[in-house]
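J.: Fold the stuff below for me.
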Amino acid sequence: MVTGCAIRDQAPAGLSSGTLAVLALADAETDHFVGSLVLFDIRHDDAEVGFWIHPDARGTGHARRGLELASRFAHRNGLQTLTARTLPDNEASQRCLAAAGFRKVARSVGATPAGEHKELIHYRLNLVPPVIFPLRTQRLRLRLHEQNDTGWLYQLYSQPEVARYLLDDPWTEEVTGRKIADRLSKSDIGGECGAVALVIEHEGVPVGDVMLWLTDHQHRQAEIGWVLDPRVGGRGLATEAVRAVLALGFEHYGLHRITAQMDARNSASAALARRVGLRLEAHHIADWFSKGEWTDTLVFAQLASDFIEPSGQTNPNSPLLEVRSGQWVSARSQ
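T.: So this is what the prediction gives:
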């Protein structure tokens, strides 16, 4: 097993500018130095990786495990792809890259670390593979929207009590048609839309929806919103769905921060936010004029570093708490 730590005193210019990260590799059992990894040419969402293993430590899997470590490190810091280059006759490096999930994408003449211009094989690793929907939790199925979801969406969002704390008035059939078109386009945080809208199904029946969308692509920040049919409230279904989508955002898409904003009168939604680990960061007084009156807004948030169970395990599929409130749950920004 290999562990890694940033060496801050090397290549200070690159480190200070954020375009270089140097990782030392050490054997986890002996803590002996076995090699190093460098992430360089760091751009918006990709970087190149280079690695070197001490001759005495070669052939023991350290390079592959080091590349896996670098991949996790890069993913946690918001990168979406890693690239690597190696010489055609360096079969050992090619085997390591392939074992770590990199795939060959091109050949070209480029500069080696020694400054020589030679033919190089280019490799690429996608750190955020496409999500295979539907997602499944203990009791729920979370799927993408379909055109035939218009009927139940209209029945849900046309209810005055559902729309009470939302920005929209109760939906009409015309509004529902526009809304379903918008939801159909939201299928991947990592795609051009920068959002994913999911139907919450319980025992095969749609009971609500939950949405996650990017608010700051560069710094990996997003917002989450949810609505649950009041007829199925009090069973913990919204809690279960929101936890699953938080896990999707933090653990799959590598988001840094997720917020939720809601009408301050929506006590059920605020209770849910606290239950899933979101922290109340702001209570804005009379900041939003909605439906003829000034309303307060609550802002909750969670960092990726906060998304941990008390046991120390991440929690996308952990046993889920029950929602005790019989009130419906909705988010302000949905």
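
J.: ok, Gly233 to Arg143 distance?
T.: 21 Å (CB to CB, to the nearest Å). Backbone N, C-alpha and C define where each C-beta goes, glycine included.

J.: the more surrounded of these two?
T.: Remark: of Gly233 and Arg143, Gly233 carries more neighbours, 19 against 16, as counted by other CB atoms under 10 Å.

J.: What confidence value was assigned to that one?
T.: The model reports Gly233 with a pLDDT of 92.

J.: So Glu251 belongs to a helix, correct?
T.: Yes - applying DSSP: H, G, I helix; E, B strand; the rest coil, one finds Glu251 inside a helix.

J.: May I ask you to confirm that it is in contact with Ala244?
T.: No - with contact defined as CB atoms under 8 Å, Glu251 does not count as touching Ala244 (10.5 Å).

J.: Could you look up the SS state of Asp89?
T.: Applying three-state DSSP: Asp89 is coil.

J.: Quick check, pLDDT for it.
T.: 93.

J.: With neighbour numbers in mind, choose between Glu251 and Ala244.
T.: Of the pair Glu251 and Ala244, Ala244 is the one with more neighbours under other CB under 10 Å, namely 24 against 16.

J.: Phi, psi for the closest residue to the more buried one other than its chain neighbours please.
T.: Among residues not flanking Ala244 along the chain, Thr137 sits closest, at 4.9 Å (CB to CB, 6 or more residues apart in numbering). Thr137 adopts backbone torsions of phi -120, psi -170, taken as degrees, to the nearest 10.

J.: Would you mind measuring from Thr137 to Asp46?
T.: Per CB to CB, Thr137 is found 32 Å from Asp46.

J.: Likewise for Val232?
T.: If you go by CB to CB, the gap between Val232 and Asp46 works out to 43 Å.

J.: how about Val245, what does it touch?
T.: Residues in contact with Val245, defined by CB atoms under 8 Å, 6 or more residues apart in numbering, are 142, 196, 198, 210, 212, 224.

J.: Val199 versus Asp209, what's the distance?
T.: Counting by CB to CB, the gap from Asp209 to Val199 is 5 Å.

J.: quick one: common contacting residues for the two?
T.: Between them, Asp209 and Val199 share the contacting residues His145, judged by CB under 8 Å, 6+ apart.

J.: quick one: contacts for the closest residue to Gly190 other than its chain neighbours?
T.: Closest residue to Gly190 apart from its sequence neighbours, by CB to CB, 6+ apart: Val128 at 5.0 Å. For Val128, the contact set (CB under 8 Å, 6+ apart) comprises 75, 80, 190, 252-254.

J.: make it 7 Å
T.: Val128 makes contact with 80, 190, 252-254, according to CB atoms under 7 Å, 6 or more residues apart in numbering.

J.: Check Ser290 too.
T.: Leu167.

J.: beta partners for it?
T.: Glu293 (DSSP bridges).

J.: Could you number the chain from 240 rather than 1 from now on?
T.: Fine by me, first position is 240 from now on; the one you just mentioned is Ser529.

J.: Near Phe272, how many residues? Count them for me, please.
T.: Around Phe272 there are 12 residues (other CB under 10 Å).

J.: Could you report the pLDDT at the closest residue to it other than its chain neighbours?
T.: Sequence neighbours aside, Ala265 is the residue nearest to Phe272 in space, at 5.6 Å (criterion: CB to CB, 6+ apart). Note for Ala265: predicted pLDDT of 91.

J.: if we can go back for a sec, what about the residue nearest to Gly429, which SS state?
T.: coil.

J.: Quick check, pLDDT for it.
T.: On the pLDDT scale, Val367 gets 77.

J.: Tell me where the model's unsure across this structure.
T.: 240-258, 352, 547-573 (pLDDT under 70).

J.: Break it down into its domains, please.
T.: For the chain, automatic domain parsing gives the domain ranges 241-365, 374-545.

J.: Can you report how many residues neighbour the closest residue in space to Arg518 that isn't next to it in sequence?
T.: Spatial nearest neighbour of Arg518, excluding adjacent residues (CB to CB, 6+ apart): Ala540 at 5.9 Å. Counted with other CB under 10 Å, the neighbours of Ala540 add up to 19.
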